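Chemist: next input, structure requested:
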Amino acid sequence: MSASLQLDGVAELRAALMALPEQMSRDEFRPLLQSHAESLAAEVRDAYPKVTGNLADHVKVDKGDVSSLRVRVRTTAKHAHLYEYGTVRRFTAGTGANRGTMPARPIFVPAAIRWRARMVTATKAALQRMRIPGFTGSAEVRES
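Modeler: As a prediction, the model looks like this:
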């Protein structure tokens, strides 16, 4: 006998994990989520320029409370959005001086996309390896 679980996205994956017994969820999946979040943060810190270190110093991992399966990586640098998305041509209001543009240098978003995909793959593999008391067979995890 095998079971199947169909996931349409990360929200469904999170809901399925939350439906597991609390101890199993915390013990099995929290370290997996934290390690992927820490790896994302490290990759972003390494990729940011080292001119002042301000961008890299402000990449944070919010681990939430112990029972939560939510881990968030974010930057608290006030100018991170300017670096990530760039700027349009700007002019000083009073004098009309041209301040030019800043090209986008996306680092955070592409890295987050890569690490999220890795996290989903690792979570699916962990779900397939999981042994649930009273259940024989192995779970089949498919993503649509």
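Chemist: ok, Ala80 - contacts?
Modeler: 55, 58, 108 (Cβ atoms under 8 Å, 6 or more residues apart in numbering). Backbone N, C-alpha and C define where each C-beta goes, glycine included.
Chemist: for Leu32, list the residues it contacts.
Modeler: 119, 122-123, 126.
Chemist: just to revisit the earlier point, got the contacts of Ala80 as TSV, with secondary structure and pLDDT columns?
Modeler: Listed next are the contacts of Ala80 as TSV, based on DSSP: H, G, I helix; E, B strand; the rest coil; pLDDT from 0 to 100:
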residue	secondary structure	pLDDT
Leu55	helix	91
His58	coil	93
Phe108	helix	92
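Chemist: narrow the residues you listed to just the buried residues.
Modeler: The neighbour-count test (16 or more other Cβ atoms under 10 Å) marks 55, 58, 108 as buried among the contacts of Ala80.
Chemist: between these, which is nearest Glu38?
Modeler: Nearest to Glu38, judged by Cβ to Cβ, of these is Phe108 at 14.9 Å.
Chemist: now the closest one: how far from Arg99?
Modeler: 24 Å (Cβ to Cβ, to the nearest Å).
Chemist: surely Glu38 and Val61 touch.
Modeler: Yes: with contact defined as Cβ atoms under 8 Å, Glu38 reaches Val61; the gap is 5.9 Å.
Chemist: low pLDDT regions in the chain?
Modeler: The model of the chain has pLDDT under 70 over residues 1-10, 12-14, 16-26, 66-67, 130-144.
Chemist: run the chain-centre distance for the lengthiest helix in the chain.
Modeler: The longest helix of the chain (DSSP state H) is helix 22-47. Distance, stretch centre to chain centre, for helix 22-47: 9 Å (Cα atoms, centre = their mean, to the nearest Å).
Chemist: cool, stretch 121-128 as well?
Modeler: 16 Å.
Chemist: coming back round to it: out of the contacts of Leu32, who's the most crowded?
Modeler: Within those, most neighbours by other Cβ atoms under 10 Å means Thr123, with 23 neighbours.
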